[in-house]
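Peer 1: predicted model and sequence below, questions to follow.
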Protein chains: 2
Amino acid sequence: MTFEKKLRNMKITTKSRYAIRSIFALVLMGGDKQPIALTQIAEHEDISRKYLEQIFMKLKKSKIVEGSRGAQGGYMLGKPAKSISLKEVIYAMDGPVKIADCHQEETCDNFSSCGINWLWSGLKETVDNYLDNITIDDLKRQAFGGKDADIS
Amino acid sequence: MTFEKKLRNMKITTKSRYAIRSIFALVLMGGDKQPIALTQIAEHEDISRKYLEQIFMKLKKSKIVEGSRGAQGGYMLGKPAKSISLKEVIYAMDGPVKIADCHQEETCDNFSSCGINWLWSGLKETVDNYLDNITIDDLKRQAFGGKDADIS
DNA sequence: ATAATTACTACAAGGATACTAGGATATGGG
DNA sequence: CCCATATCCTAGTATCCTTGTAGTAATTAT
Ligand code: FES
Ligand code: FES
């Protein structure tokens, strides 16, 4: 009955979740057309602005967003929402999903004698597949009840 | 190129992996029929015996194994290998797979206004499904090239 | 008895996460 | 040209979880 302990098993990092939420918010605010300031997103999503800065710096490095400095500046999408997958965002934040250190020959010396590494490879593939097949655009569509919300 | 950083994103804990490897080893050593001492498993799998003790205490609490004390004692399976799923073992070690703190109404105050929690629920379901459909018996069969290794 | 082996509890080192802080740099509007 | 507004960049830090280690008690086959 007591699972209040904050487990870290199989968890997506807060950074990754913040990133996804923030990009989602960015898009809803029109960030696919014009730059939006981080302060707005931070307030809307109730996330520390300073922390968001770091997150968006990483997103920028991965070309997921573009930053424009100075007054009236902010961030906007660096590519169409349709071509930004969750996997890509998570990769930008924390690198590839790991699952276990030891399903690759290089990182585990027990690899050859271990009969169960296929297990972790399989799980990783399952997770990667899930994350690869959902895009920011999907989030948007889901939010609007499946209807295409593009008002051009 | 540099992903040597030990990320914890989406990772299965070492404890869970040890548990699965150890049960697997236990079965291969005949632990479905007679008790096997932890020292043997610890040596075979190169895992700290003291750490294994704690792991098997948890497994015992979940009825996955039974312990018999004293000389010639050890641990043996508490139920058929066919009915021990990976999910169950992981649950015994670290509780339920979490993925994110915030896909339940109770644990996130942003829940109602958050449009993407279905994401984490979906991922959790995917992972749970994977882990629920693999049993210790499956590991055994895989190790023996798909053949049924039961020699009754 | 005694050696073997589990049962139980406490504690410690290390590392990653989730931030906070402070400044440098650039830019549009007045 | 100023200045408010923003991004850009680098350090530092508290906290928590993981991954063990250690010691001791209880139990049992021989
Ligand atoms: S590959 Fe590392 S223990 Fe299985
Ligand atoms: S449910 Fe917690 S932020 Fe989405």
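Peer 2: Looks like it arrived, so ask away. Everything quoted here is computed from the prediction, not taken from an experiment. Ligands and ions are numbered 1, 2, ... in the order given.
Peer 1: hey, let's count contacts and neighbours off CA atoms from now on
Peer 2: Fine.
Peer 1: sec struct for residue A:57, please.
Peer 2: helix (DSSP: H, G, I helix; E, B strand; the rest coil).
Peer 1: and it, how many residues sit next to it?
Peer 2: Look at residue A:57: counted by other C-alpha atoms under 10 Å in any protein chain shown, it has 16 neighbours.
Peer 1: pull the contacting residues for it.
Peer 2: By C-alpha atoms under 8 Å, 6 or more residues apart in numbering or on different chains, the contact list for residue A:57 is empty.
Peer 1: next, name the residue at the spatial heart of chain A.
Peer 2: residue A:89 (3.3 Å; C-alpha atoms, centre = their mean).
Peer 1: which strands and helices sit next to the helix or strand hosting residue A:124?
Peer 2: Using DSSP states H and E, residue A:124 sits within helix A:117-132. Applying 3 or more C-alpha pairs under 8 Å, 6 or more residues apart in numbering or on different chains; DSSP states H and E, we find helix A:117-132 packed against helix A:86-94, helix B:117-132.
Peer 1: could I get those as JSON lines with mean pLDDT?
Peer 2: Formatted as JSON lines, the helices and strands packed on helix A:117-132 follow (pLDDT from 0 to 100):
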{"stretch": "helix A:86-94", "mean pLDDT": "97"}
{"stretch": "helix B:117-132", "mean pLDDT": "95"}
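Peer 1: quick revisit: just confirm the residue nearest to the centre of chain A contacts residue A:15, I think it does.
Peer 2: No - contact criterion C-alpha atoms under 8 Å: residue A:89 and residue A:15 do not qualify, at 10.1 Å.
Peer 1: tell me the SS of the closest residue to DNA strand C within chain A?
Peer 2: Nearest residue of chain A to DNA strand C: residue A:70, at 3.2 Å (C-alpha to the nearest atom of the strand). With three-state DSSP as the basis, residue A:70 sits in coil.
Peer 1: count of residues packed around it?
Peer 2: Residues near residue A:70, counting by other C-alpha under 10 Å: 7.
Peer 1: what of residue A:92?
Peer 2: So residue A:92, with other C-alpha under 10 Å, has 22 neighbours.
Peer 1: tell me the contacts of it?
Peer 2: Counting by C-alpha under 8 Å, 6+ apart, residue A:92 has contacts A:58-59, A:62.
Peer 1: one more: residue A:33?
Peer 2: A:76-77.
Peer 1: and the gap between it and chain B?
Peer 2: 21 Å (C-alpha to the nearest C-alpha, to the nearest Å).
Peer 1: can you tell me the SS state at that residue?
Peer 2: Secondary structure of residue A:33, per three-state DSSP, is coil.
Peer 1: pLDDT score for it?
Peer 2: Residue A:33 carries a pLDDT score of 95 in this model.
Peer 1: likewise residue A:73?
Peer 2: So residue A:73 comes in at 96 (pLDDT).
Peer 1: for chain A, list the residues in contact with ligand 1, please.
Peer 2: Contact residues, chain A versus ligand 1 (C-alpha under 6 Å from any ligand atom): A:102-103, A:108, A:110-111, A:114, A:116-117.
Peer 1: near DNA strand D too, which of those?
Peer 2: For DNA strand D, no contacts are drawn from those by C-alpha under 7 Å from any atom of the strand.
Peer 1: of the residues you listed, closest to chain B?
Peer 2: Nearest to chain B out of the residues of chain A next to ligand 1 is residue A:116 (C-alpha to the nearest C-alpha; 6.9 Å).
Peer 1: these two touch, right, the closest one and residue B:140?
Peer 2: No - contact criterion C-alpha under 8 Å: residue A:116 and residue B:140 do not qualify, at 9.4 Å.
Peer 1: please look at residue A:100 and residue B:11 and confirm they touch.
Peer 2: Yes - counting by C-alpha under 8 Å, residue A:100 does reach residue B:11; the two are 5.7 Å apart.
Peer 1: the more surrounded of the two?
Peer 2: residue A:100 (23 against 20).
Peer 1: on that earlier part again, any chance of the helices and strands packed on helix A:117-132 in CSV with distance to residue A:39 as columns?
Peer 2: Formatted as CSV, the helices and strands packed on helix A:117-132 follow (distance: least, C-alpha to C-alpha, whole Å):
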stretch, distance to residue A:39
helix A:86-94, 20
helix B:117-132, 23
